[in-house]
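*Asks:* Kindly generate the corresponding structure for this input.
(chains A and B)
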There are 2 protein chains.
Amino acid sequence: MRTHLCGRVTENELDSEVTLCGWVNRRRDHGGVIFVDLRDHAGLVQVVFDPDREEVFARAEQLRTEYVIRMTGRVRRRPEGTENPDLPTGAVEILGLELEVLNAAKTPPFPLDDEDVGEDTRLRYRYMDLRRPLMQQRLRLRAQVSAAMRRFLEEREFLDLETPMLTKATPEGARDYLVPSRTHPGSFFALPQSPQLFKQLLMMSGMDRYYQITRCFRDEDLRADRQPEFTQLDMEMAFVDEADVMEVTEGLIRHLFREVQGVELPDPFPRMAYAEAMARFGSDKPDLRIPLEFTELTEVMQAVEFKVFNGPANDPEGRVAALRVPGGAKLTRKEIDVYTEYVGRYGAKGLAYIKVNDPTDLAGGLQSPILKFLPEDVTRQILEKTAAAAGDLIFFGADKASVVNEAIGALRVKIGHDLELVEAGWQPLWVVDFPMFEYDDQDKRLYALHHPFTAPAVDSPEALRANPREALSRAYDMVLNGTEVGGGSIRIHNPEMQQAAFEALGIGEEEAREKFGFLLDALNFGAPPHGGLAFGLDRLVMLMSGAHSIRDVMAFPKTQTAACLLTDAPAPVGEKQLRELGIRLRPSATQQAE
Amino acid sequence: MRTHLCGRVTENELDSEVTLCGWVNRRRDHGGVIFVDLRDHAGLVQVVFDPDREEVFARAEQLRTEYVIRMTGRVRRRPEGTENPDLPTGAVEILGLELEVLNAAKTPPFPLDDEDVGEDTRLRYRYMDLRRPLMQQRLRLRAQVSAAMRRFLEEREFLDLETPMLTKATPEGARDYLVPSRTHPGSFFALPQSPQLFKQLLMMSGMDRYYQITRCFRDEDLRADRQPEFTQLDMEMAFVDEADVMEVTEGLIRHLFREVQGVELPDPFPRMAYAEAMARFGSDKPDLRIPLEFTELTEVMQAVEFKVFNGPANDPEGRVAALRVPGGAKLTRKEIDVYTEYVGRYGAKGLAYIKVNDPTDLAGGLQSPILKFLPEDVTRQILEKTAAAAGDLIFFGADKASVVNEAIGALRVKIGHDLELVEAGWQPLWVVDFPMFEYDDQDKRLYALHHPFTAPAVDSPEALRANPREALSRAYDMVLNGTEVGGGSIRIHNPEMQQAAFEALGIGEEEAREKFGFLLDALNFGAPPHGGLAFGLDRLVMLMSGAHSIRDVMAFPKTQTAACLLTDAPAPVGEKQLRELGIRLRPSATQQAE
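*Replies:* Purely as a prediction, here's the structure:
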């Protein structure tokens, strides 16, 4: 239907006839002549309809924004002074000779070049929103990224293998999406939260190296930037240790940045133990672009009389830490109040601080409501340990360690951005040496920090049983600019070790048999050592494209309440369908659906 | 953990030390020496443990089938006369110097080289079944096929775009799998039967060329070779007509066969109208490798007195057709009985035949129970029209055309195989000029032969409204050796035409609005002409690999009752989960689940 793409007509086509298809991006009438910016996925080109050519001109007069047309015309140089150097096609224009309206268009629900359209409107008319060049670019980048991933992995003999979507519920995970079975009434499939067990089974199947770019599902309450369905690059390798997996996967990310972004990432990526990351940044995914670090003050504060500090300092689960903000002394009382409110969201009960005007003058060089509670010696230690300089401000967190880490960790990131301290570029990081388990105070039991199939860094099932809370795991997370883009581990391949891990999680032999019998069986029939990793494709592409939400790198995302505004999914279904599935609505649901 | 792959150790490695990981495929003790065939995904290699090396020999004595080991040894030439020319590694063996058992294995549930294991056992222990070289090959072929598809399409600027899995129910399709929504109780998502509407929306989003290799779901009663979830290569292009889509997609298939199979397919693929395919082969996916064709006898039989023939011949929906089987006169009465029973399964009430011993001798040269009912003139016409020769057999079908087509069409294929008439090689075919709709006698309404978004081959909505039953569609199916491997169409891009198509299907304006409002909206905001196609990846790979079932080219398929024998999915779920989803089981389902 066309000889060229709009965005690719250049001086090479001068004086030749071209046939183009596309959308009317804009129509202007100027000096009796009609100018149309014609748009396709490749870009814009200017088409001119001259009143001398009456028939085609009359047709052009009917054109409106977003009409779909097919036109034939002669390429000519634009008159001097009217070139548009911002467009690849900006040196030429096309004199319209023939014009066919392929489809009319109602007035668009919003102008495509309006950048302030509400997200609900964008999602409802997603097919309009996606016509914008920025959205086109993002989805193109996404396709480039997955293509580059595939090529890299296939060159290294990873096999693209598919695993089921209709599968078994995941105990010990997030909430599953369920699918009622018609052929087995009363039973349900679950949509996979990840292909974890299947990829392990593929290693036990002798597949050696597996990858898949696949959809995963989690029925969680959608926080900030989660989606009920998301895409994962999932990988697994047999006969490997941590170093092998990390080498291949960081190589993959380096390759992507080189190929798609033209950026060279460090080789190898730096590594940091979980304990160090928590100590220095209060986070297991520290953004190393932000040059702010925690200073540990727990010991220093053990002897002070100030209860706000000595309580947490003497609590085995407590922590007192400082965050020195260079140049922070210029923060106003009001700004500090805002930060106080901010850390409150993470559970901090206050936000103590010291403004440092002159660190050598303990009497008059400091400003702080808490100074009076601290002995001079302690104040001096604070200044020394934080290496505070004139003009700095020191924030304090004192609470359960988890609260301090979350609150001051978040404050660190926020202040880093507010004060424009964030360094440019990309800061990848491996976080390693995670604990195997974390203890949940409420449930009074251990939970797996990664998942129950992660191998512990101990030699024997006995060693794990002896001290599960101290055991580290063979897991690794890849962090990029403070976002976890991937995570994985070496898995347990020994059936007894798997049993010991289940025990630590309070899963008895019978329950393990019921839920994971097939895995335990498989481990008994010759399972090789194996490990892998999964990348969050949406997040990775979001970072690479500079978008602020994963919704902006998905063609048809859902809202925060897990609804599709475009198609109005989910929707009520007929009684007959429910009957076939052996289910009925509860009365409350019936009401809500009506 | 290893320096080489088992299957790749050759004379190049002679005298060097290698470290291998793999499974014990077989252990033999011979002349005091232990021989182990060690297996990984790359193949087998022979390892020898010598009793002189006591420690490693003692360890080797513990090895059993499917143990996972790591070993280091020296590569040496096999003693003369013991080489195995069938193995790439067959010229060498490895003298074991070190040996580590990475994992023991219980006695396998079946020997890996047993070819007669029941499918249920294979599926239950799929991780064992997949270790067989044949299954490894098939999944590797599958990965090669999808990789080759992607590369071909990406070179042609097709964008790999993802569409939702949690989406809206598909009216007018097969039965949907439903997913109850927790955040919208009483409402349900549906898993996609195909991304049909989303890919059309992507064209309306200006994406120009889309592809995706994606999972699709149909909750059908599983016939012969269907799976509840299957994989589709889905494609769509804007600003194209039938010829464009067919050129790209047959080019893709030619490319696949060239790259992956080393086979050259015809260029272009032959085309055949639906009407011709039904007339000549009784099928819209004829296997052209079988050199048997229908002979139309409907007119000839209108005047005979034999009711079996003149009834259907005079029924507007009836058909009488013959199938000449060259050399078929040698079929015994018993064999013919078997075929009679076979066509009975397709609804045929009998299977008349004439054995042709001498076609020139109408009196004595023919054998048939029906001869006496046919005037000589008609018999002569039958012989002439079928061009029967001595030694042939002519079968007859006389019934509703649909029954004749199904029964004699199936007979044609069966006899073709039974008499070994099937020509070697690959016979691709485009079937085109389908009717838009077919009339369902029971429901007394039209159904779309493809789907309601397929463009009719008429100029205007009025023309479609005037005579919907006669309208042809702009659909095309790709058939390969009698299997439909792909199908597609040019879609409706005009909102009024879409409305007319809905009307023909008995979908009123209000219902259309409710079910497809978003599509109708999108058609109104500047939809380009577009069309596409979808390939069934499982079926295509099945054909290419020579497997007899799509289950053999899927890693973890489900059974005929849509269950996973490996993981025991689907399974009952807890009351709490159902409550969260606003559903409960019907009493009958509760019973069955227990």
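*Asks:* Got the phi and psi for A:Met478?
*Replies:* The phi and psi values for A:Met478, taken as degrees, to the nearest 10, are phi -100, psi 120.
*Asks:* where's A:Gly186 relative to B:Lys558, distance?
*Replies:* Per CB to CB, to the nearest Å, A:Gly186 is found 18 Å from B:Lys558. Backbone N, C-alpha and C define where each C-beta goes, glycine included.
*Asks:* domain assignment for chain A?
*Replies:* Under automatic domain parsing, the residue ranges defining each domain of chain A are A:6-103, A:290-422.
*Asks:* Check what contacts stretch A:334-343 and list those residues.
*Replies:* By CB atoms under 8 Å, 6 or more residues apart in numbering or on different chains, the residues outside stretch A:334-343 that reach it are A:Leu331, A:Gly350, A:Leu351, A:Tyr353, A:Phe395, A:Gly397, A:Ala407, A:Ile408, A:Ala410, A:Leu411, A:Lys414, A:Ile415.
*Asks:* which residues does the third one contact?
*Replies:* Right, A:Leu351. By CB under 8 Å, 6+ apart, the contact list for A:Leu351 reads A:Ile336, A:Tyr339, A:Thr340, A:Val343, A:Phe395, A:Phe396, A:Gly397, A:Leu411.
*Asks:* circling back to that earlier point, can I get the domains of chain A in CSV including distance to A:Leu520 and mean pLDDT?
*Replies:* Formatted as CSV, the domains of chain A follow (distance: least, CB to CB, whole Å; pLDDT from 0 to 100):
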stretch, distance to A:Leu520, mean pLDDT
domain A:6-103, 51, 97
domain A:290-422, 34, 96
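*Asks:* can you tell which of those is closest to B:Pro528?
*Replies:* With CB to CB, the closest approach to B:Pro528 among those belongs to domain A:6-103: 5.0 Å.
*Asks:* Can the closest one be said to contact chain B?
*Replies:* Yes: applying CB under 8 Å from any CB of the partner chain, one finds domain A:6-103 touching chain B at A:Cys21, A:Trp23, A:Arg39, A:Asp40, A:His41, A:Glu66, A:Tyr67, A:Val68, A:Arg70, A:Leu102, A:Asn103.
*Asks:* Now tabulate these in CSV and tack on neighbour count and secondary structure.
*Replies:* Listed next are those as CSV, based on neighbours: other CB atoms under 10 Å in any protein chain shown; DSSP: H, G, I helix; E, B strand; the rest coil:
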residue, neighbour count, secondary structure
A:Cys21, 24, strand
A:Trp23, 25, strand
A:Arg39, 21, strand
A:Asp40, 23, strand
A:His41, 21, coil
A:Glu66, 22, coil
A:Tyr67, 18, coil
A:Val68, 24, strand
A:Arg70, 18, strand
A:Leu102, 19, strand
A:Asn103, 20, strand
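*Asks:* Pick the one among those residues closest to A:Phe309.
*Replies:* Using CB to CB, A:His41 is the member of these that lies nearest A:Phe309, at 60.4 Å.
*Asks:* Grab the nearest non-local neighbour of the closest one.
*Replies:* Once flanking residues are discounted, A:His41 sits nearest to B:Asp208: 4.2 Å by CB to CB, 6 or more residues apart in numbering or on different chains.
*Asks:* Helices of the stretch 351-500 of chain A, residue ranges please.
*Replies:* For the stretch 351-500 of chain A, the helices defined by DSSP state H, counting those that start in this stretch cover A:376-386, A:401-418, A:461-466, A:495-504.
*Asks:* who's in contact with the residue nearest to A:His41?
*Replies:* B:Asp208 makes contact with A:Asp40, A:His41, B:Glu157, B:Leu159, B:Met237, B:Ala238, B:Phe239 under the criterion CB under 8 Å, 6+ apart.
*Asks:* Over to A:Asp176?
*Replies:* Applying CB under 8 Å, 6+ apart, one finds that A:Asp176 lies in contact with A:Ala169, A:Thr170, A:Ala190, A:Leu191, A:Gln193, A:Phe217, A:Asp219, B:Gln577.
*Asks:* What about these, which one has the most neighbours?
*Replies:* Counting neighbours by other CB atoms under 10 Å in any protein chain shown, the top entry in these is A:Leu191, with 27 neighbours.
*Asks:* A:Ala174 is in contact with that one, correct?
*Replies:* No: A:Leu191 is beyond contact range of A:Ala174, at 11.4 Å (criterion: CB atoms under 8 Å).
*Asks:* re the thing from before, closest to chain B among the contacts of stretch A:334-343?
*Replies:* A:Ala410 (26.6 Å; CB to the nearest CB).
*Asks:* Which residue comes closest to the closest one once chain neighbours are left out?
*Replies:* Distance criterion CB to CB, 6+ apart; nearest residue to A:Ala410, sequence neighbours excluded, is A:Tyr346 at 5.5 Å.
*Asks:* Name the secondary structure element that contains the one you found.
*Replies:* Per DSSP states H and E: A:Tyr346 is located in neither a helix nor a strand.
*Asks:* Run a quick neighbour tally on it.
*Replies:* Using other CB under 10 Å, A:Tyr346 has 19 other residues around it.
*Asks:* And A:Lys385, by the same measure?
*Replies:* Using other CB under 10 Å, A:Lys385 is surrounded by 15 other residues.
*Asks:* which ones are touching the residue nearest to it when sequence neighbours are not counted?
*Replies:* Spatial nearest neighbour of A:Lys385, chain neighbours left out: A:Thr295 (5.0 Å); criterion: CB to CB, 6+ apart. The contact partners of A:Thr295, by CB under 8 Å, 6+ apart, come to A:Ala321, A:Ala322, A:Leu323, A:Arg324, A:Ile382, A:Lys385, A:Thr386.
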